[in-house]
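**Q** Structure of the sequence below:
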Amino acid sequence: MTASFDSIREQVAAGDASGGWVALTQVFGYPNGGSLDARSFAEAMAVALVITRELAGRDGVVDLARAAAAPEDPRALYDAGWWLAEQRQFAIAASVLERANQIAPGQPGIVGELANALEHLLHYGPAALVVEASGRADDDPLLAYLSGFYWLMCGDLERPRARLGQLAGVTAPNEVFMRDALAGMLARADALVAAGVGLGDDALTAWHAVLNGSLLLHESPHGHPEPMHGRYAFLNDSPALQRLGLDRLQRLLAALGRRPERILTAPDRASRILAHAAGQVLDLPVEAWADDPGQRGLVVAWSLDVVEDPAFLGGMRRHAPGRPLFVHVTDWIEPFAYAPDVGTVLAQVVRHPFTGGALTYDPATRKVAEAEADDRDEVELGGLVAATPVADDSATPIEVVLGIDRAMAGLPADLRPGLHREGGSRLIHRAGSPVPSNRFT
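**A** Residues are numbered from 1 along each chain as shown. Purely as a prediction, here's the structure:
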């Protein structure tokens with residue numbers, strides 16, 4: 001049953017402001033906010049203000065208060081939408097910015113911020129249509145890039161190609177960066193098409209390489225092809241899955257004729273366990289990563305999201321000779337800022353098998369519980385992973401991954417995937433792709 005504004009107010013008055021915000025998001029969040037008439041929209045803004053005052057305090061909601069007092073003022077709505085997006089409340093931000101765009105259509109700032117909110121919701125199709133409907137993508141470089149990128153994220157290669165031509169003469173550094181990013185994605189897509197690699201709405205591994213310059217080693221067989229298409233929403237990671245990732249990594253490196261000098265481990269317990277497993281599987285020494293680009297070796301991380309060392313995260317932002325980055329699991333909804341060269345899986349929510357929090361089932365009590373952290377030595381746990389039999393149940397044969405790599409390896413250095421780069425910044429890791437998957441919202 002859909003909540004009413006009155007019931008949401010009652011919920012907040014009873015002390016459940018967080019629950020009230022969730023209920024308001026269901027009523028007012030995109031796309032529902034766009035169907036509200038002026039009176040209902042104003043009421044929704046008033047309720048949003050009441051809740052945010054409870055959650056953020058009066059000083060934290062100046063922009064929202066201004067918009068609630070003037071719900072037909074596009075500037076006030078823009079400021080409120082921007083503030084909401086900064087708080088990562090993209091669903092309600094999109095509704096507020098959509099109303100601003102309805103009142104004052106074709107304003108590049110409003111259009112761009114609305115598109116940004118929709119992008120964070122993975123609504124690439126609506127974002128593309130918003131930009132096109134503004135009529136400003138033909139004369140605004142940012143909107144031209146966004147148009148091309150959003151259509152690409154819908155699986156279209158031709159409209160992005162036209163937008164890329166539009167950006168040929170830009171000189172501002174940020175515009176050059178956007179143009180080159182779009183050019184790289186199109187070049188990788190063209191290389192795959194030329195090699196006969198399909199780019200349909202089920203080609204997760206191929207699109208992952210196009211967008212991120214990254215090789216994905218494993219597509220989940222669960223819910224494949226529908227509704228997951230190779231991704232995970234929730235993943236209870238396991239020694240078996242880690243061992244599968246290392247087996248496929250070993251086969252990839254062998255096919256490329258590459259043997260790293262050593263394994264370099266990211267500075268967190270989950271990564272050190274995986275690095276010791278990699279060392280045993282690949283028969284290589286394991287060393288701690290150092291902030292020295294001259295230290296060659298395969299850098300191993302379990303997930304960049306759990307690494308808390310700024311020196312490591314900053315140091316790995318750029319490629320270095322003989323220093324590829326392998327990351328076992330990556331969040332595909334809110335990915336880390338840059339893409340690894342090789343990864344095992346894409347998952348929205350993941351639990352590590354040894355560091356605590358993995359879900360376990362007790363058949364005697366029929367209850368699910370969270371496992372305690374395993375305090376065994378990291379080398380011992382890595383050995384457990386390495387000794388786990390390989391059970392390759394991936395929905396994508398490793399030959400497909402190798403074919404994708406071969407197709408793109410011959411591109412110019414600034415366009416090829418990360419595994420074949422020896423310098424420059426790592427590519428941005430894009431959220432989602434033209435391949436859909438169910439997810440938690």
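
**Q** Quick one: the strands in the chain, in order.
**A** Along the chain, the segments classed as strands by DSSP state E run 215-216, 232-236, 263-265, 286-288, 298-301, 325-330, 342-351, 359-362, 367-370.

**Q** Give the pairing partners of the third one; include direction for each.
**A** Looking back up the chat, that one is strand 263-265. Paired with strand 263-265 in the same sheet, following DSSP bridges, are strand 286-288 (parallel), strand 298-301 (parallel).

**Q** now that strand: how far from the chain's centre is it?
**A** In terms of Cα atoms, centre = their mean, to the nearest Å, the centre of strand 263-265 is found 24 Å from the chain centre.

**Q** Pull the residues that contact it.
**A** 271-272, 274-276, 278-279, 282, 284-290, 295, 297-301, 323 (Cβ atoms under 8 Å, 6 or more residues apart in numbering). Where C-beta positions appear, they are placed from N, C-alpha and C, glycine not excepted.

**Q** Apply 7 Å and report the result again.
**A** Residues outside strand 263-265 that contact it (Cβ atoms under 7 Å, 6 or more residues apart in numbering) are 271-272, 275, 278-279, 284, 286-289, 295, 297-300.

**Q** for the last one, same thing?
**A** Strand 367-370 is contacted by residues Gly357, Ala358, Leu359, Thr360, Tyr361, Asp362 when judged by Cβ under 7 Å, 6+ apart.

**Q** among these, who's most crowded?
**A** Most neighbours among these, by other Cβ atoms under 10 Å: Ala358, with 19 neighbours.

**Q** Tell me which residues touch that one, please.
**A** Counting by Cβ under 7 Å, 6+ apart, Ala358 has contacts Asn236, Arg351, His352, Glu370, Ala371.

**Q** so how many other residues sit close to the second one?
**A** To tie it back to what came earlier, the one meant is Arg351. Neighbours around Arg351, by other Cβ under 10 Å: 18.

**Q** thought it was touching Asn236?
**A** Yes: in this structure Arg351 lies within contact range of Asn236 using Cβ atoms under 7 Å: 5.3 Å.

**Q** Now the common contact residues for those two.
**A** What both Arg351 and Asn236 touch, as defined by Cβ under 7 Å, 6+ apart, is the set Ala358, Leu359.

**Q** Check the contacts of Ala358 for burial and list the buried ones.
**A** Among the contacts of Ala358, those classed as buried by 16 or more other Cβ atoms under 10 Å are Asn236, Arg351, His352, Ala371.

**Q** As a markdown table, the residues you listed with distance to Glu226 and pLDDT would be great.
**A** Below are those laid out as a markdown table (distance: Cβ to Cβ, whole Å; pLDDT from 0 to 100):
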| residue | distance to Glu226 | pLDDT |
| --- | --- | --- |
| Asn236 | 22 | 97 |
| Arg351 | 25 | 97 |
| His352 | 28 | 98 |
| Ala371 | 31 | 92 |
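
**Q** rewinding a little: hey, which of the strands paired with strand 263-265 is tucked in deepest?
**A** strand 298-301 (a mean of 28; mean count of other Cβ atoms under 10 Å).

**Q** Going along the chain, name the helices of the stretch 1-150 of the chain.
**A** Ranges of helices in the stretch 1-150 of the chain, per DSSP state H, counting those that start in this stretch, are 5-13, 17-28, 38-56, 62-69, 74-86, 90-103, 108-120, 124-134, 141-152.

**Q** Thanks a lot, see you next time.
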